[in-house]
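Enquirer: when you get a sec, could you give me coordinates for this:
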Amino acid sequence: MHRRSLRAAGALVVLGIGAVAALLVWVAVQRCPDEEVAACNNGDLYMITTAQNTAESLLSGGGSALLLLACLIGAFVTGPLIARELESGTFRMAWVQSVSPARWLAARLAVPAALSVAGVGLLSFVYRWGWTEVSNPNAYGLNWFNDGIFPGIGPVAVGYALFAVAVGALCALLIRRMLLSMAVTTVVLGVVMTGFTQRRWMLWPVDRLLGTGYPGPNTWTTETGMLTASGEKLFWRDCPSMDADHDGVGCMKARGGVTDFTDYHPASHFWPLQLVETGILLALAALAVFAAFRVLRRLHG
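Expert: Residues are numbered from 1 along each chain as shown. I've put the predicted structure just below:
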């Protein structure tokens with residue numbers, strides 16, 4: 001089963017690379033809408049073509065697809081590879097020979113880890129290339145901070161792949177049942193991915209703009225509202241618009257708001273956010289691997 005899953009993961013990597021390349025060729029060939037070729041010479045116009053629209057739609061979820069691939073490697077490759085031997089008892093044949101339990105586990109971690117880093121890393125590189133070529137200020141859903149983009153254009157994808165391998169191994173050793181360990185691995189990975197998606201903006205200190213200005217293009221606005229004289233934050237969502245106070249300003253001032261604020265991440269925060277999230281994932285992966293070897297020692301003893 002794990003071999004079929006590994007081949008499927010490899011096929012997905014090849015398919016993903018081919019899809020990105022095909023989209024870029026299509027976008028390059030179809031530069032202008034057929035009926036408005038002359039208008040493309042006007043740099044002030046954003047001429048959306050069928051190719052560009054398709055590329056934007058598909059690439060907007062590329063980061064999420066990479067996370068699913070990482071989950072596939074952990075839940076359907078690493079976990080079954082170990083759990084199947086534990087469930088059937090075939091691991092004892094290796095242990096009574098010259099292979100130590102620690103070496104046995106290391107071998108079953110090393111191959112999926114190496115393949116996942118190579119496959120996910122390559123696909124992430126190609127995806128970032130495609131995203132860079134297609135992305136533009138007018139494109140919808142292709143901002144660097146979008147949930148479907150961010151995990152796929154930096155080292156975070158590789159961090160998730162290694163974390164998935166470690167969690168898959170740990171769950172297999174703890175549960176020793178292939179199907180159940182696969183289910184638990186999927187749940188754990190889903191919880192962690194959801195947690196990072198919802199709290200990613202908290203991984204690095206935000207910049208703050210005071211007043212009613214605009215932080216600029218290509219920025220990730222995280223919170224908006226008003227500050228009180230003591231610095232307490234009041235949020236617009238807590239003041240619903242009404243006929244007499246259509247913009248909520250009266251409500252905010254009644255609660256003590258004195259000045260507007262906007263918390264945001266500029267584009268320069270991309271790499272700090274990527275590296276912090278990747279570092280946390282690698283630390284969690286290392287912790288899971290350490291726990292897996294501890295469980296193995298208890299099992300062997």
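Enquirer: where exactly do the strands run in this protein?
Expert: Under the criterion DSSP state E, the chain contains strands at 207-210, 220-228, 233-235, 257-265.
Enquirer: which regions of this structure sit below the pLDDT cut-off?
Expert: Within the chain, the stretches with pLDDT under 70 are 1-6, 31-47, 87-99, 241-247, 300-301.
Enquirer: using JSON lines, lay out the strands of the chain together with mean neighbour count.
Expert: (Each C-beta comes from the backbone N, C-alpha and C, glycine too.) What follows is the strands of the chain, written out as JSON lines (neighbours: other C-beta atoms under 10 Å):
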{"stretch": "strand 207-210", "mean neighbour count": "14"}
{"stretch": "strand 220-228", "mean neighbour count": "17"}
{"stretch": "strand 233-235", "mean neighbour count": "15"}
{"stretch": "strand 257-265", "mean neighbour count": "18"}
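Enquirer: count of neighbours near the closest residue to Ile82 other than its chain neighbours?
Expert: Sequence neighbours aside, Ala172 is the residue nearest to Ile82 in space, at 3.9 Å (criterion: C-beta to C-beta, 6 or more residues apart in numbering). Neighbour count of Ala172, defined by other C-beta atoms under 10 Å: 30.
Enquirer: wait, what's in contact with Ala172?
Expert: By C-beta atoms under 8 Å, 6 or more residues apart in numbering, the residues touching Ala172 are Thr78, Gly79, Pro80, Leu81, Ile82, Ala83, Leu86, Met178, Ser181, Thr185.
Enquirer: the same query, at a cut-off of 10 Å, please.
Expert: By C-beta atoms under 10 Å, 6 or more residues apart in numbering, the contact set of Ala172 is 78-87, 105, 108, 178, 180-182, 184-185, 292, 295.
Enquirer: could you give me the buried positions within stretch 172-183?
Expert: Neighbour-count burial for stretch 172-183 flags Ala172, Leu173, Leu174, Ile175, Arg176, Arg177, Met178, Leu180, Ser181, Met182 (criterion: 16 or more other C-beta atoms under 10 Å).
Enquirer: at the geometric centre of the protein, which residue do we find?
Expert: Pro151 (2.9 Å; C-alpha atoms, centre = their mean).
Enquirer: wait, doesn't that one sit right on Gly159?
Expert: Yes: contact criterion C-beta atoms under 10 Å: Pro151 and Gly159 qualify, at 9.1 Å.
Enquirer: joint contacts of these two?
Expert: Ala70, Phe196, Gln274, Glu277.
Enquirer: what's the local residue count around the first one?
Expert: What that stands for is Ala70. Around Ala70 there are 28 other residues, counting by other C-beta under 10 Å.
Enquirer: tell me how far Arg108 lies from Gly231.
Expert: Relative to Gly231, Arg108 is positioned 53 Å away (criterion: C-beta to C-beta, to the nearest Å).
Enquirer: what does Ser268 give?
Expert: From Ser268 across to Gly231, the span is 25 Å (C-beta to C-beta).
Enquirer: figure out how far stretch 77-87 is from the centre of its chain.
Expert: Distance, stretch centre to chain centre, for stretch 77-87: 26 Å (C-alpha atoms, centre = their mean, to the nearest Å).
Enquirer: make that stretch 151-159, sorry
Expert: Using C-alpha atoms, centre = their mean, the offset of stretch 151-159 from its chain centre is 6 Å.
Enquirer: quick check: buried residues in that stretch?
Expert: By neighbour count with 16+ other C-beta under 10 Å, stretch 151-159 contains the buried residues Pro151, Gly152, Ile153, Gly154, Pro155, Val156, Ala157, Val158, Gly159.
Enquirer: how about stretch 73-90?
Expert: 73-87.
Enquirer: how about the backbone phi and psi for Pro217?
Expert: phi -70, psi 160 (degrees, to the nearest 10).
Enquirer: can you tell me how far the residue nearest to Leu174 when sequence neighbours are not counted is from Val249?
Expert: Distances taken as C-beta to C-beta, 6+ apart place Val295 nearest to Leu174, at 6.0 Å, with adjacent residues excluded. As for Val295, its distance to Val249 is 58 Å (criterion: C-beta to C-beta).
Enquirer: do Thr224 as well
Expert: For Thr224, the distance to Val249 (C-beta to C-beta) stands at 13 Å.
Enquirer: before we move on, what about Ile17?
Expert: Taking C-beta to C-beta as the measure, Ile17 falls 51 Å from Val249.
Enquirer: Leu105 too?
Expert: Distance, Leu105 to Val249, by C-beta to C-beta: 61 Å.
Enquirer: okay, those two: which has more neighbours?
Expert: Per other C-beta under 10 Å, whichever of Leu105 and Val249 has more neighbours is Leu105, with 22 against 15.
Enquirer: how much space between the more buried one and Glu85?
Expert: Relative to Glu85, Leu105 is positioned 10 Å away (C-beta to C-beta).
Enquirer: thanks again, I'm all set now.
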